[in-house]
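Undergrad: Quick check, what structure comes out for this input:
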Amino acid sequence: MKDIPTKAISFNMYYGGQAPTEAASPEEESKMSVAVEVSDETPVFRKIYLDNIVCTGAQDAVVLQGLPEMPISEIVLNNLKMTSLNGVSVFDADGIKFKNSEIISKSEPVYKIVQSRNILFDNIIFSSNEKFMRVGGYKSDSIVIKNSEVDFKSGLIEFGEGLDERIIKIEQ
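TA: Purely as a prediction, here's the structure:
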């Protein structure tokens with residue numbers, strides 16, 4: 001892919017194509033998102049595998065947008081090589097895996113994680129002068145970063161209100 005005017009990869013479970021709080025900060029997202037009752041009409045996105053994707057130029061590299069009542073789940077993104085204005089945004093998700101990937105984003109952070117849990121980053125390449133990740137939302141938990149040049153001391157990870165290092169495990 002080349003020169004994508006919007007999102008290179010997008011899974012958006014909101015029917016209108018835009019979440020009601022899409023422009024909000026992670027802290028606002030967590031306060032404003034409201035789960036509704038799950039019904040037969042509730043969409044389900046799960047068990048999706050994407051491999052060997054190259055994109056040179058996009059507004060957003062990846063946007064994964066689940067619902068508060070039905071997280072997007074079990075998505076594997078392997079061997080991504082992407083450049084974009086904005087990096088990766090993950091909202092209301094569970095069981096997402098980024099493996100062997102390089103995302104070069106012109107804005108920071110490269111990865112924005114909100115209200116998501118059980119997220120794996122394995123062998124991720126990024127520019128060392130970029131903020132790697134911002135995590136927000138009281139549901140965010142169980143994030144693992146392994147085989148990547150990330151640590152807590154470098155300031156590459158930013159935490160939203162009420163969150164701290166305990167929700168992330170770093171393995172080298």
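
Undergrad: So what's the residue count around Tyr115?
TA: Not Tyr; residue 115 is Gln. 23 (other C-beta atoms under 10 Å). Every residue, glycine included, has its C-beta placed from N, CA and C.

Undergrad: any idea of the pLDDT on it?
TA: As predicted, Gln115 sits at a pLDDT of 95.

Undergrad: roughly how far apart are it and Pro68?
TA: 7 Å (C-beta to C-beta, to the nearest Å).

Undergrad: Would you mind finding the longest strand in this structure?
TA: Criterion DSSP state E: the longest strand present in the chain is strand 46-65.

Undergrad: residues touching the residue nearest the centre of the chain, list them.
TA: By C-alpha atoms, centre = their mean, the chain has its centre lying nearest to Val90, at 2.8 Å. Val90 sits next to Val62, Leu64, Ile96, Tyr111, Lys112, Ile113, Val114, Ser116, Ile119 when contact means C-beta atoms under 8 Å, 6 or more residues apart in numbering.

Undergrad: Any chance of the residues you listed in JSON lines with secondary structure and distance to Val36 as columns?
TA: Below are the contacts of Val90 laid out as JSON lines (DSSP: H, G, I helix; E, B strand; the rest coil; distance: C-beta to C-beta, whole Å):
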{"residue": "Val62", "secondary structure": "strand", "distance to Val36": "26"}
{"residue": "Leu64", "secondary structure": "strand", "distance to Val36": "20"}
{"residue": "Ile96", "secondary structure": "strand", "distance to Val36": "22"}
{"residue": "Tyr111", "secondary structure": "strand", "distance to Val36": "27"}
{"residue": "Lys112", "secondary structure": "strand", "distance to Val36": "24"}
{"residue": "Ile113", "secondary structure": "strand", "distance to Val36": "23"}
{"residue": "Val114", "secondary structure": "strand", "distance to Val36": "18"}
{"residue": "Ser116", "secondary structure": "coil", "distance to Val36": "19"}
{"residue": "Ile119", "secondary structure": "strand", "distance to Val36": "24"}
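
Undergrad: would you list those residues in JSON lines and tack on distance to Val34?
TA: As requested, these are exported to JSON lines (distance: C-beta to C-beta, whole Å):
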{"residue": "Val62", "distance to Val34": "25"}
{"residue": "Leu64", "distance to Val34": "19"}
{"residue": "Ile96", "distance to Val34": "22"}
{"residue": "Tyr111", "distance to Val34": "25"}
{"residue": "Lys112", "distance to Val34": "20"}
{"residue": "Ile113", "distance to Val34": "20"}
{"residue": "Val114", "distance to Val34": "14"}
{"residue": "Ser116", "distance to Val34": "17"}
{"residue": "Ile119", "distance to Val34": "22"}
